[in-house]
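Enquirer: mind looking at a prediction? Sequence and model below.
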Amino acid sequence: MPNLSEHLTKFLDQKTFAHLATVMADGSPQVSPVWIDHADGYIRVNSAKGRVKDANMRREPNVAISMVDPDDPYSFTSIKGKVVEITEDGAEAHIDALAYKYLGVDTYPYRQETETRVTYKIEVQQIAGKNVSSKLT
């Protein structure tokens, strides 16, 4: 089972907004803000089947994620990873858990009847980061 560092889990446990970069069919980058969490040593994001990032991750599993510490805007983490699992199983409960984390509500309020929620499990392959706030004081 992959292991996430203490520094990374600190970011993931907070209400940290992430930017997920995926690769379009023409090779160009596509970036989306996402809610994010972790389980069992993997980073998890959630989306709806058929969206651009969904199609991109199904075709090309290599992704990048950037996060800024919500308590210290001069501290950031960047991740290169690979989508190792795409599943609809538990995805509705996952988006509800993310809605609780980010909005403080029990149920995801933007649910569409026509959409199918999907959870993406991302294995971290490389981490870079910086905490420059200590150099500013």
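Expert: In hand now; what should we look at? Numbering: from 1, shown residues only.

Enquirer: residue 38 contacts residue 9, doesn't it?
Expert: Yes. Assessed by Cβ atoms under 8 Å, residue 38 is found in contact with residue 9 at 6.4 Å. Using the backbone N, CA and C atoms, a C-beta is placed for each residue, glycine as well.

Enquirer: just say helix, strand or coil for the closest residue to residue 42 other than its chain neighbours.
Expert: In space, and not counting its chain neighbours, residue 42 is closest to residue 121: 4.5 Å by Cβ to Cβ, 6 or more residues apart in numbering. Counting by DSSP: H, G, I helix; E, B strand; the rest coil, the backbone at residue 121 sits in strand.

Enquirer: so what touches the longest helix seen in the chain?
Expert: Across the chain, the longest stretch assigned as helix under DSSP state H is helix 91-103. Identification of contacts with helix 91-103 by Cβ atoms under 8 Å, 6 or more residues apart in numbering yields 15, 35-37, 44, 46, 105-109, 111, 116-119.

Enquirer: picking up where we left off before, who has more neighbours, residue 38 and residue 9?
Expert: More neighbours surround residue 38 than the other of residue 38 and residue 9, with 18 against 15 (other Cβ atoms under 10 Å).

Enquirer: I am finished for the moment; much appreciated.
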